[in-house]
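Peer 1: need coordinates for the below:
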Amino acid sequence: MATTLKKTDVAVIGLGAAGGVGVLPLTRAGLDVVGLEAGGWMTPRDFAPDELKNNYRGWPQAIQKANREVPTHRPNANAPYSPRAAIHPMMNGVGGTSLHYWAQSWRLNPWDFRVVSEVTKRYGASRIPKGSTVEDWPFGYEELEPYYEIVEREVGISGKAGNLNGVKDPAGNIFEAPRKSEFPMPPLRGTEFTDRMGETAKKLGWHPFPGPAAINSTTYDNRPECQYHGFCSRGGCHVQAKNSTSWSTIPKAQATGKFNVITYAHVTRIEVNEQTGRVTGVTFVKGSEEFFQPADVVLLAGYTYENVRLLQLSKSKPFANGLSNNAGQVGKHYFSHNTSWNVTGLFPFDINNWYGLPAQGVGVDNWADDNFDHSGLDFIGGGLLWVYSDRRPIAAASMSTFGQAPSWGVAWKKFIKENADRWNTAYIQKTTLPYEDNYLDLDPNVKDPLGMPVTRITADFKENERKSGEFMQGKMEEWFKAAGATRVQKGPAGTMGPSTHAYGGTRMGDNKETNVVNRFGFSHEVPNLGILGGSVMGTSGSRNPTLTVQALAWRTADYLTKNWKSIAG
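Peer 2: Below you'll find the model as predicted:
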């Protein structure tokens, strides 16, 4: 029988990028908050620069709950399963994946909030891809902009404004939406190679710019600037220059005296009152013991897959198909970012990519969203071209030989020795839309160690995403060749398996028949249940989701503090 703990005002499930931000406005408003985190606390001593440990053995070394419940995947309901990944793309720990992510921190553009309206107005309703369930967001960029600004300041974001109150600056991204203030820190420094790519882009008539990052370019909040040591991807920061919520917002919440963290808490159910249908708290397992944490309000912030899975597992008399799922929308409108169709260039000179980090680079936004005329094209949306500095020994030795050498032997060794630092793979994020036959449900056969089904992804990229991917590959090939690449290799399309950029499943919208949560992130069916994370987003844009997830989390928490009595009951 579960041990009942002392009741709290708010229970937050997951203390990653979303939950780790949401707790700060709650505690500052005087609410008592308990954070339930499946991982533990980590310190800079845990973050040794180690490619083998970080990138191939699933750092951190402590047993990860996430790795025991990696989602299964099939491209469609009639297709066989794809090979199951050994390591989950996300991680558990106080700070979540913000401990080892790339830390790119982009705002969405206004078009991303109004895809249906903007496409219909410019090209006609027939241009919305067949089978897509995309909807306009229930609000526009201007409503989220103040929260973007708050999070950029509280977390610590470096970058260069390209549109400051309507005044465009070519040193930044001239295609970005208007910002009310400059970034808290200047952008990360460039490298010889990213500078070369930037100058090449200008010669092509494009508009290059440094990207925004949750990484210190100067001392910020008493944390030092980035050391550019080259082990940032899937690695924590041993100097705390990467602004994970574990040392940006969470310590500030703790300083209020209103925040209690319970680590290694494996949440199994969100409980409800069967008479009222309201949530009453959270059941979790820690070690061999089961506990119940009562709360007036529950905020679910466990990443897209776990948000959906916990709702689907939390069945009760009022919610026979899962919590907040009487309209059958939990798990629907799922999609992950279209980051396949990469491009790799081979250059006749060393590009010195051994040091740096993925967020240190140069971007081109000319073909993102609707920044260009699609009248003569057969797709909507576009992509962000991103060239960055990041290389480690094992990855370098695993490079393609571009058909110039065998994959083993003396000739291979000679090729690798000459070319290990002469190639670069661009990161191209492209617009992805939700479709009616892309969804998440509970796998009927695969279970976690507690005997609970894992999430099953049924999803694949559709024709619109494939055409935009091919288009963006062509632009990247042009850029690499103009910069001196002697050979260019295009990557395959891939499929929509587990991803760090997963969206939907608990979509936000005014229509309760097609969305799980309302415009403020609270369930249409359960008034004291809020959901934080990419699962509430209905479009992806062509950039990383983290900053938007965090701005939405702050907005939901802010709404809760201002409407406490009506929500908490």
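Peer 1: the stretch 351-500 of the chain: strands as residue ranges?
Peer 2: Using DSSP state E, counting those that start in this stretch, the strands of the stretch 351-500 of the chain run over 361-364, 383-388, 423-430, 439-447, 453-458, 487-490.
Peer 1: closest to residue 328 out of those?
Peer 2: strand 439-447 (10.4 Å; Cβ to Cβ). Every residue, glycine included, has its C-beta placed from N, CA and C.
Peer 1: avg pLDDT for the closest one?
Peer 2: Mean pLDDT, strand 439-447: 98.
Peer 1: helices of this structure, start to end?
Peer 2: Secondary structure of the chain by DSSP state H: the helices cover 19-28, 51, 110-113, 115-123, 141-151, 192-203, 250-255, 303-313, 393-397, 409-419, 463-482, 546-562, 564-568.
Peer 1: any idea which of these scores lowest on pLDDT?
Peer 2: Looking at the helices of the chain, the lowest mean pLDDT belongs to helix 51 (a mean of 79).
Peer 1: can I get the helices of the chain in a markdown table with distance to residue 490?
Peer 2: Putting the helices of the chain into a markdown table (distance: least, Cβ to Cβ, whole Å) gives the following:
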| stretch | distance to residue 490 |
| --- | --- |
| helix 19-28 | 37 |
| helix 51 | 26 |
| helix 110-113 | 26 |
| helix 115-123 | 27 |
| helix 141-151 | 33 |
| helix 192-203 | 18 |
| helix 250-255 | 41 |
| helix 303-313 | 29 |
| helix 393-397 | 19 |
| helix 409-419 | 18 |
| helix 463-482 | 5 |
| helix 546-562 | 27 |
| helix 564-568 | 50 |
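Peer 1: please identify the deepest-packed of these.
Peer 2: For the helices of the chain, the largest average neighbour count (mean count of other Cβ atoms under 10 Å) is found in helix 19-28, namely a mean of 28.
Peer 1: quick revisit: mind checking which of the helices of the chain is nearest residue 66?
Peer 2: Nearest to residue 66, of these and by Cβ to Cβ, is helix 303-313 at 8.1 Å.
Peer 1: can you spell out which helices and strands pack onto that closest one?
Peer 2: Helix 303-313 sits against strand 266-272, strand 289-300, strand 439-447, strand 453-458, strand 502-503, with contacts defined as 3 or more Cβ pairs under 8 Å, 6 or more residues apart in numbering; DSSP states H and E.
Peer 1: give me the sheet partners of the second one and which way each runs.
Peer 2: When you say that, I think you mean strand 289-300. strand 3-4 (parallel), strand 8-13 (parallel), strand 279-286 (antiparallel), strand 529-531 (parallel) (DSSP bridges).
Peer 1: between the helices and strands packed on helix 303-313, which one is closest to residue 384.
Peer 2: Nearest to residue 384, of all the helices and strands packed on helix 303-313, is strand 502-503, at 16.1 Å by Cβ to Cβ.
Peer 1: quick one: that closest one to chain centroid distance?
Peer 2: Relative to the centre of its chain, strand 502-503 is centred 7 Å away, using Cα atoms, centre = their mean, to the nearest Å.
Peer 1: which other helices and strands contact it?
Peer 2: Partner elements for strand 502-503 (3+ Cβ pairs under 8 Å, 6+ apart): helix 303-313, strand 335-336.
Peer 1: can you tell me what sits against the helix or strand bottoming out on mean pLDDT in the chain?
Peer 2: Ranked by mean pLDDT, DSSP states H and E, the weakest helix or strand in the chain is helix 51, scoring a mean of 79. Here helix 51 makes contact (Cβ atoms under 8 Å, 6 or more residues apart in numbering) with 231, 392, 393, 394, 395.
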